[in-house]
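Q: 3D model of this:
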Amino acid sequence: MQTDTIDLISPAPGQRLALTVHRYGTPGKGPKAYIQAALHADEVPALLVAQKLRVLLQALDEAGQLLGEVVLVPYANPIGLGQSLLGHQEGRFALDDGVNFNRFVPDLTEAVAPRLGALLGDDGQANVRAARRALAEAAAALRAHEPAADLKRRLLQLAIDADIVLDLHCDSEAVMHLYALTPQAELAAELGALLGAEAVLLATESGDSPFDEACSTPWLKLAERVAPLPLPLGCFATTVELRGQADTAHALADADAAALLEFLRRRGVVGGAAAPLPSARCAPTPLAGSEPLKAPHAGVVVYHHAPGDHIEVGQCVADVVCPDTGRTSPVVATTRGVLYARIATRWATPGTRLGKIAGATPVRTGKLLSP
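A: Below is the predicted model:
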């Protein structure tokens with residue numbers, strides 16, 4: 001195991017920002033997996049799971065059980081970790097410009113596409129290797145002039161040549177769920193079954209380039225550009241939502257870390273016999289079928305359903321009670337599916353997303369993620 005420190009742009013004289021990167025296995029020996037925790041720095045269950053993984057990966061490495069390479073970033077956002085305001089950690093948005101740390105990660109498609117065709121032939125796997133090198137070179141050429149952009153480029157440089165990218169997050173109050181590309185539904189369903197996910201949400205592109213899609217969607221776009229030359233998808237990337245922000249129990253984190261390593265075992269990164277795949281707790285559904293439930297006005301939020309509940313069309317999921325008039329407004333589902341997340345606060349302003357239902361029928365277009 002090797003540990004590296006990557007310095008980021010300093011926000012001010014006398015202040016230092018840095019990433020810690022743990023590397024296990026042998027680079028180039030087999031498939032590469034990249035795992036990062038808490039790009040949204042207030043999503044702390046990911047930080048705990050990363051520490052569980054650190055211990056397990058160290059033991060596997062010492063036992064010679066790593067058939068490939070694993071790169072682990074145990075905290076992916078030192079900027080957000082330091083953003084504590086009046087007792088509240090604000091780790092989702094950069095305070096200098098309000099931009100989401102998990103949006104607008106550089107899309108390298110246009111940097112690679114013009115020269116990729118000349119590098120490819122009729123061998124699909126050779127083409128994957130050539131595309132991976134080209135993506136890594138494009139990532140290495142990225143430049144940044146402020147801390148948040150520097151953070152995104154550094155993380156992308158670590159991940160862009162990986163076969164597997166696991167971006168560990170959590171929601172506010174939620175059951176286990178994950179996001180992935182529609183063409184990789186089978187792999188997403190496998191990981192979901194191992195984790196006990198109750199929602200697996202798929203999209204070809206969700207909008208605003210979150211980290212996982214910055215690693216995976218260039219492969220889709222490049223394959224379209226170079227057709228009919230074969231270019232298989234060279235990266236499975238997913239955002240894993242480790243339940244809610246308060247779900248930091250050791251038992252949960254131990255089980256999650258073991259499930260993630262089992263997925264890597266099934267992908268040839270970790271040695272040993274794979275365990276039987278558990279029965280899936282859900283079928284994948286389109287992210288476009290996820291209904292955001294919004295507050296109609298300001299007020300106190302009173303929930304009638306918890307994350308994991310199955311909701312029918314017409315059911316009242318929550319009430320919003322105005323403290324001025326006492327008016328109570330029901331928030332009613334128009335989608336049948338699983339309530340997979342809800343906000344932890346109980347005060348809402350007009351338009352606040354109170355919860356999300358994973359439905360099987362697409363009901364939305366455009367940008368599919370929250371801001």
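
Q: and the strand or helix carrying V128, what other elements does it pack with?
A: Applying DSSP states H and E as the criterion places V128 in helix 124-140. On a contact count with 3 or more C-beta pairs under 8 Å, 6 or more residues apart in numbering; DSSP states H and E, helix 124-140 meets helix 109-116, helix 147-159, helix 211-226. Heads up, the C-betas are built off the backbone N, CA and C, glycines and all.

Q: assumed L293 was part of a helix.
A: No. Going by DSSP: H, G, I helix; E, B strand; the rest coil, the assignment for L293 is strand, not a helix.

Q: quick one: it from R346, how far?
A: Distance of L293 to R346, given as C-beta to C-beta, to the nearest Å: 14 Å.

Q: of those two, which one has the most company?
A: L293 (21 against 13; other C-beta atoms under 10 Å).

Q: which ones are touching the more buried one?
A: 317-318, 331, 333, 353-357 (C-beta atoms under 8 Å, 6 or more residues apart in numbering).

Q: which residue is nearest the middle of the protein?
A: Taking C-alpha atoms, centre = their mean, the centroid of the chain lies closest to T239, which sits 2.0 Å from it.

Q: quick one: pLDDT of that one?
A: The model reports T239 with a pLDDT of 98.

Q: cool, and L293?
A: Per the predicted model, pLDDT is 98 at L293.

Q: ditto for Q15
A: 94.

Q: may I have whichever helix or strand the residue nearest to the centre of the chain is part of exported as CSV, CA atoms only?
A: Taking DSSP H and E as the definition, T239 sits inside strand 236-244. C-alpha atoms of strand 236-244 as CSV (Å, rounded to 0.1, in the frame of the first residue of the first chain):
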residue,chain,number,x,y,z
PHE,A,236,-18.7,1.5,-14.9
ALA,A,237,-19.3,4.5,-12.6
THR,A,238,-22.0,4.9,-10.0
THR,A,239,-23.1,7.2,-7.2
VAL,A,240,-23.8,5.1,-4.2
GLU,A,241,-26.1,6.8,-1.7
LEU,A,242,-25.4,5.2,1.7
ARG,A,243,-28.8,5.9,3.2
GLY,A,244,-29.1,9.1,5.2
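
Q: pretty sure D163 is touching P232, no?
A: No. The pair D163 / P232 is not scored as a contact, 11.1 Å apart, by C-beta atoms under 8 Å.

Q: what is L66 paired to in the beta sheet?
A: L66 has the following beta-bridge partners by DSSP bridges: V270.

Q: and it, how many neighbours?
A: L66: 22 neighbours (other C-beta under 10 Å).

Q: ok so, going back, centre of the chain to the strand holding T239, how far?
A: Mean-position distance between strand 236-244 and its chain equals 5 Å (C-alpha atoms, centre = their mean, to the nearest Å).

Q: and the residue lying closest to the residue nearest to the centre of the chain once chain neighbours are set aside, what element?
A: Excluding the flanking residues, the one nearest T239 by C-beta to C-beta, 6 or more residues apart in numbering is Y179, at 4.4 Å. If you go by DSSP H and E, Y179 is part of strand 177-181.

Q: packing partners of that strand?
A: Counting by 3+ C-beta pairs under 8 Å, 6+ apart, strand 177-181 packs on helix 185-195, strand 199-203, helix 211-226, strand 236-244.

Q: and of these, who's closest to E110?
A: helix 211-226 (8.9 Å; C-beta to C-beta).

Q: who's in contact with the residue nearest to the centre of the chain?
A: Here T239 is in contact with 167, 169, 178-180, 210-212 (C-beta under 8 Å, 6+ apart).

Q: identify the bridge partners of it.
A: D167, Y179.

Q: quick one on the thing from earlier: let me have the contacts of T239 in TSV, extended by distance to A76, pLDDT and neighbour count.
A: Formatted as TSV, the contacts of T239 follow (distance: C-beta to C-beta, whole Å; pLDDT from 0 to 100; neighbours: other C-beta atoms under 10 Å):
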residue	distance to A76	pLDDT	neighbour count
D167	8	99	30
H169	10	98	25
L178	17	98	24
Y179	16	98	25
A180	19	98	27
P210	13	98	23
F211	8	98	23
D212	12	98	27
